[in-house]
Every structure is written in C-alpha cells, then in structure tokens.
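Asks: starting from these lines, generate the structure:
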Amino acid sequence: MDARTTLRLLPWSSPEGKPCFLADASEGGYLSRLADETEDLQLSEGLEVLVAARKLLGDPLSPNVEVRYSAIRLSECLADALRVAESRGRRLPASDGTHDD
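Replies: Predicted structure coming up:
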C-alpha cells in the first residue's frame, strides 16, 4: 500500500475481535454497500434498543434482570455507534484550516 491508500473501518470485527478494514474503498462496491447497509442497520437497532430501555428504566418496578439485559444491549449498541462514527469520521475530507461559515 502506498501513502494514498485509504482504509475504511468496517462495522464488524474479525473472528479474533480485531478491526476489519477495506482498502481503497470505492463507493458503490459490494463490500462498501454491505458496510453502509450494516451501519444503517446498527444505528436503527440502537435507536430501537434506546426506546425500549427508556421505557424499562421509566418503570421503577422493572425487574433487575431486565434492567441488566437492557444495559448489556445498550453497551453493544453504543460500541456499534462509536465504530460507525469513527469510520465515517475517517472518511470526511481533510480540512484545509479555513472556515467559510
């Protein structure tokens, strides 16, 4: 790889738990589209889990096991969302230091 090669952080990990990257991620390629769809699914699922967790946490009589399960799912969804944010942030064009606001 040369200095111009860009790597896209993919929204899944290897079986060993290591990050996966796509070299020279061309927009519209199969893996790039799959990664986009996976990111969208992860963010959508995160929103669903958040809505359910808020309902659960709003009930003071919610069983501890349900609250614990909700916390586990929220942490999984947060990890996915942070990975999506990191991946998308890496793909933003570099700023030239000027502001046109």
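
Asks: flag every buried residue along stretch 56-73.
Replies: Neighbour counts using 16 or more other CB atoms under 10 Å place 70, 73 of stretch 56-73 among the buried residues. C-beta: built from backbone N, CA, C; applies to glycine.

Asks: flag every buried residue along whichever strand or helix holds Gly46.
Replies: Using DSSP states H and E, Gly46 maps to helix 30-58. Judged by neighbour count (16+ other CB under 10 Å), helix 30-58 contains these buried residues: 32, 35, 39, 42, 46, 49-50, 53.

Asks: sec struct for the residue nearest to Arg90 when sequence neighbours are not counted, please.
Replies: Spatial nearest neighbour of Arg90, excluding adjacent residues (CB to CB, 6 or more residues apart in numbering): Leu9 at 6.2 Å. With DSSP: H, G, I helix; E, B strand; the rest coil as the basis, Leu9 sits in strand.

Asks: list the contacts for Leu9?
Replies: 19-21, 83, 86-87, 90 (CB atoms under 8 Å, 6 or more residues apart in numbering).

Asks: let's go with 10 Å and repeat that
Replies: By CB atoms under 10 Å, 6 or more residues apart in numbering, the contact list for Leu9 reads 19-22, 25, 35, 83-84, 86-91.

Asks: tell me the secondary structure at the residue lying farthest from the centre of the chain.
Replies: The centre of the chain is farthest from one residue, Leu61, which by CA atoms, centre = their mean lies 31.8 Å away. Recorded secondary structure, Leu61: coil (three-state DSSP).
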